[in-house]
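Engineer: Curious how this folds, go ahead:
(2 chains)
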Protein chains: 2
Amino acid sequence: MTDWAERFSPYGKRAKASEIRELLKLLDQPDIISFAGGIPDPKLFPRQLMADVHAEIFGDKATSNMALQYSVSEGYGPLRDLLVAEMKSLGITCTRDNIVITNGSQQGLDLLGRLFIGPGDKVLVARPTYLGLLQAFTASGPVYDDIAKLTGPEPIAAKLAYAMPDFQNPSGETMTLPEREALLDGARRSDLVLLEDTAYNKLSFDGPLLPSLMELDIAREGGIENSRVVYCGTFSKSVVPGLRVGWIVAASPIIQKLVLMKQAADLHTSTLAQVALAKVIERLPADHAETLCATYRPRRDAMVAALDEFMPEGVTFTRPGGGMFIWVTLPEGFDGATLLARAIEQERVAFVPGSAFYAGPPAANTLRLSFSATCPDKIREGIRRLGSLIAREHNSMTQARSA
Amino acid sequence: MTDWAERFSPYGKRAKASEIRELLKLLDQPDIISFAGGIPDPKLFPRQLMADVHAEIFGDKATSNMALQYSVSEGYGPLRDLLVAEMKSLGITCTRDNIVITNGSQQGLDLLGRLFIGPGDKVLVARPTYLGLLQAFTASGPVYDDIAKLTGPEPIAAKLAYAMPDFQNPSGETMTLPEREALLDGARRSDLVLLEDTAYNKLSFDGPLLPSLMELDIAREGGIENSRVVYCGTFSKSVVPGLRVGWIVAASPIIQKLVLMKQAADLHTSTLAQVALAKVIERLPADHAETLCATYRPRRDAMVAALDEFMPEGVTFTRPGGGMFIWVTLPEGFDGATLLARAIEQERVAFVPGSAFYAGPPAANTLRLSFSATCPDKIREGIRRLGSLIAREHNSMTQARSA
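Structural biologist: Numbering: from 1, shown residues only, chains lettered A, B, ... in the order given. All right, here's what the predicted structure looks like:
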């Protein structure tokens, strides 16, 4: 029996490979300066706190038995209570019943794609957008369109729009308050579900966050039960990614359905991971987010300064207020994938070609650079090498054109 | 915005609630003798070993950083290597590339349902069958039929058949070797995928396991790459369920596709859970499975003995060689759900009504009893009470009929 591909369902056939997987493998080569993966710096992981809470859990028989046993699909109650408090601090009033725990926000996206999207349904995303959203949704067979159309005067016949308003992956851009209001106006006009991904919102380097789409929508609609916003959060960037714990906040009928789907998908997220994270979060110092920013902010600064210094004319880039990414646009004619192959071969520098982040026709002359896992000196050196390669490539393109 | 149900996809609309969820909540009431959930006895959790390996992981900076970081979707390499050895001990020769780590076997079922089943595809299951399979598959829109038809002379136009050959949940029954061979003959005749669920195979009380469907199929086909069997395993019953770690073994083209789907579903299973489990498994004593059986075997014996002693005439039940469940068939006219309500109210005893385990028309006069989480004395007392209730109910049914 070898004709496996013929036996796959339409859903299975639509599931496709991603460039990021192959790129993650490049990180294993120690002589490469990698701006590819959007991974947290492990030096920021609360190792001692993790050690303490696990020792505490296993030191108490009842707690240990509970943490190693099956648990409910909606998630560990005390963790959901902590998230109710966290959401309140973000201006969002909700209860336990508005929260389901997921395996990172990626599982949130997967469950929401399955819940809302069938073949041919229109989904609005930014250009560029988060690759993980495309991976999670594409097997459901959506038709993607540009979320920019939502703010036009005409309603759009779409089921759902997806946005990452703060420090977007991959662009690093943050929506202004008027842009957020316009997006909510558009979502109401087109009567669609608005999915808000807040993965990077603890990494705000230059001041407080703007209000989330959910906070703004609740202010309009009078409460979470009337809101069309579905909020995805994660501990991956603010605590640790390896435990795979995230959460969804939404009106309770959505959560009830998601809990059923979560039960069918994997019963529940690791009980131990949830119990440990609940204890860790309670004990994180009040300035934990500032500690994270104190590491990432100088890296952002170093990358912006190096791009200013080393990129040849015609190259533009974003100046993010937080998160992990800078988006680079090269002159027309450049191809990110070709450049990556040469960057690895000639300069031992890695990044993600921008075309991976487009649902529709890509802008091939774009790159995503992550500054999160590299120290400032190495960032400067990597950008210097990359700038030098781009300048060489640009020169030979210009010469070829004038020849 | 309150018309949520209208906005759900066909897939989302098909996702349905399960009786087991509500039943698990009954377990929280300490005065109930519960034969409902199929949960391991937490006294068998390797708590000290868990404490040791976590202390070891967090005591070493490099290991800790790795265990708390993102990792590859196929799963932690050393854990997959241990599973290659485990599969070899079960007579199945495979490599790392034939294995993907999942969040318990439930996620294996969910991914496989999505990969193979589209709306209208026929899936063959036993009567009764595992409830979690129905939950995982039903949203994909299958048409269920009886797996018994597969062993008839005519090919069946089905995509997939699902079987749990050892100590089936819910019936407790084990397929004989001729039954396994006949199932493989039928799967070949109908040219379908055969999904083998081995959740309870470490809990064999009365002797060694029979060969798995995968082992038998590999013997026929000459190697795993030619096998039509997809094997789902889990650590939930043999080590701990709360970490949610299981695995799928199959021909490599299936695994490659499942890895893509796993990446889209939640990136990967908790790195920490995988690293910890790999260390735990390496250090479990050689007689670990016998230790499990030494607890569960007397419970099976106590339940069988109590059923023999206390069940009135006309009640039949299975005598499982392992696992966690006994299947009870009551006289015609009984309804498991009605009996459950009375059992809780009048006798403080809980179980799962058998109708939950049917894809098609249920046999309502059936019950699933789990003996795994209750000590022999309590089992005897619970079965005594249940037998007394059934006798009373039976008498009043007989009197009503003769009146």
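Engineer: distance of residue A:216 from residue A:321?
Structural biologist: 18 Å (Cβ to Cβ, to the nearest Å). Just so you know, the C-beta spots here come from the backbone N, C-alpha and C atoms, and that holds for glycine as well.
Engineer: Spell out the secondary structure type for residue A:328.
Structural biologist: strand (DSSP: H, G, I helix; E, B strand; the rest coil).
Engineer: What of residue A:320?
Structural biologist: coil.
Engineer: show me what contacts it?
Structural biologist: A:167, A:172, A:173, A:174, A:300, A:326 (Cβ atoms under 8 Å, 6 or more residues apart in numbering or on different chains).
Engineer: For residue A:6, report the pLDDT, please.
Structural biologist: Model confidence at residue A:6, given as pLDDT, is 87.
Engineer: what about it, neighbour count?
Structural biologist: Residues near residue A:6, counting by other Cβ atoms under 10 Å in any protein chain shown, number 7.
Engineer: does it sit in a helix or strand, and which one?
Structural biologist: helix A:4-7 (DSSP states H and E).
Engineer: Leaving out chain neighbours, which residue sits closest to residue A:321?
Structural biologist: Using Cβ to Cβ, 6 or more residues apart in numbering or on different chains and skipping residues adjacent in sequence, the residue nearest residue A:321 is residue A:206, 4.7 Å away.
Engineer: Assess the claim that that neighbour and residue A:323 are in contact.
Structural biologist: No. Here residue A:206 lies out of contact with residue A:323, judged by Cβ atoms under 8 Å, at a distance of 11.3 Å.
Engineer: ok, these two, which is more surrounded?
Structural biologist: residue A:323 (30 against 12).
Engineer: Report the contact partners of the more buried one.
Structural biologist: Applying Cβ under 8 Å, 6+ apart to residue A:323 gives the contacts A:166, A:167, A:168, A:169, A:172, A:200, A:203.
Engineer: make it 7 Å
Structural biologist: A:167, A:169, A:172, A:200, A:203 (Cβ atoms under 7 Å, 6 or more residues apart in numbering or on different chains).
Engineer: Return the distance of the third one relative to residue A:290.
Structural biologist: Between residue A:172 and residue A:290 the computed distance is 20 Å (Cβ to Cβ).
Engineer: Neighbour count: those two, which is higher?
Structural biologist: Comparing residue A:172 with residue A:290 by neighbour count (other Cβ under 10 Å), the higher total belongs to residue A:172, at 24 against 13.
Engineer: mind checking how far the more buried one is from chain B?
Structural biologist: 20 Å (Cβ to the nearest Cβ, to the nearest Å).
Engineer: what's the answer for residue A:240, then?
Structural biologist: Taken as Cβ to the nearest Cβ, the span from residue A:240 to chain B is 4 Å.
Engineer: can you tell me which residues contact that residue?
Structural biologist: Counting by Cβ under 7 Å, 6+ apart, residue A:240 has contacts A:45, B:68.
Engineer: at 10 Å what do you get?
Structural biologist: Residue A:240 makes contact with A:40, A:42, A:44-47, A:50, A:273, A:276-277, A:280, B:64-65, B:67-70, B:270-272 under the criterion Cβ atoms under 10 Å, 6 or more residues apart in numbering or on different chains.
Engineer: Doesn't it lie inside a strand?
Structural biologist: No. Under three-state DSSP, residue A:240 falls outside any strand and is assigned coil.
Engineer: And it, its phi and psi?
Structural biologist: phi -150, psi 150 (degrees, to the nearest 10).
Engineer: Need the overlap of contacts for residue A:206 and residue A:323.
Structural biologist: What both residue A:206 and residue A:323 touch, as defined by Cβ under 10 Å, 6+ apart, is the set A:174, A:300.
Engineer: which one among the contacts of residue A:323 gets closest to chain B?
Structural biologist: Nearest to chain B among the contacts of residue A:323 is residue A:169, at 13.6 Å by Cβ to the nearest Cβ.
Engineer: Which residue comes closest to that closest one once chain neighbours are left out?
Structural biologist: residue A:130 (5.0 Å).
Engineer: Check what pLDDT the one you found gets.
Structural biologist: The model's pLDDT for residue A:130 equals 96.
Engineer: Might one say that it is in contact with residue A:198?
Structural biologist: No. Counting by Cβ atoms under 10 Å, residue A:130 does not reach residue A:198; the two are 11.7 Å apart.
Engineer: and for those two, which residues touch both?
Structural biologist: Joint contacts of residue A:130 and residue A:198 (Cβ under 10 Å, 6+ apart) are A:105, A:164.
Engineer: any low-confidence regions in chain A?
Structural biologist: For chain A, applying pLDDT under 70 flags the ranges A:1-2, A:18-28, A:403.
Engineer: middle-most residue in it, spatially?
Structural biologist: Centroid check for chain A by Cα atoms, centre = their mean gives residue A:199 as the closest residue, at 5.0 Å.
Engineer: Now for that one, which secondary structure element holds it?
Structural biologist: Residue A:199 belongs to no helix or strand when assigned by DSSP H and E.
Engineer: gap between it and chain B?
Structural biologist: For residue A:199, the distance to chain B - Cβ to the nearest Cβ - is 12 Å.
Engineer: quick one: contacts for that residue?
Structural biologist: A:38, A:104-106, A:130, A:132, A:164, A:166-169, A:232-234, A:236-238, A:246, A:323-324.
Engineer: Please, where are all the strands along chain A?
Structural biologist: A:33-34, A:99-102, A:122-125, A:143-146, A:160-163, A:193-197, A:229-234, A:246-249, A:316-317, A:325-329, A:349-350, A:352-353, A:366-370 (DSSP state E).
Engineer: what lines up beside the last one in the sheet?
Structural biologist: Pointing back at strand A:366-370 there. Taking DSSP bridges as the criterion, strand A:366-370 sits next to strand A:325-329 (antiparallel), strand A:352-353 (antiparallel) in its sheet.
Engineer: Point out the most buried one among these.
Structural biologist: strand A:352-353 (a mean of 24; mean count of other Cβ atoms under 10 Å in any protein chain shown).
Engineer: Other residues contacting it?
Structural biologist: With Cβ under 10 Å, 6+ apart, strand A:352-353 has contacts from A:19-20, A:23, A:34-38, A:131, A:170, A:325, A:335-341, A:362, A:364-370.
Engineer: what packs against the longest helix along chain A?
Structural biologist: What stands out as the longest helix in chain A, according to DSSP state H, is helix A:376-402. Judged by 3 or more Cβ pairs under 10 Å, 6 or more residues apart in numbering or on different chains; DSSP states H and E, helix A:376-402 is in contact with strand A:33-34, helix A:288-310, strand A:325-329, helix A:336-342, strand A:349-350, strand A:366-370.
Engineer: Pick the most buried one from those.
Structural biologist: strand A:366-370 (a mean of 25).
Engineer: Export only the CA atoms of it, formatted as PDB.
Structural biologist: Extracted C-alpha coordinates of strand A:366-370, given in PDB (Å, rounded to 0.1, in the frame of the first residue of the first chain):
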ATOM      1  CA  THR A 366      11.000  41.400   1.300                       C
ATOM      2  CA  LEU A 367      12.700  39.800   4.300                       C
ATOM      3  CA  ARG A 368      11.800  39.200   7.900                       C
ATOM      4  CA  LEU A 369      14.600  39.800  10.400                       C
ATOM      5  CA  SER A 370      14.300  38.700  14.000                       C
END
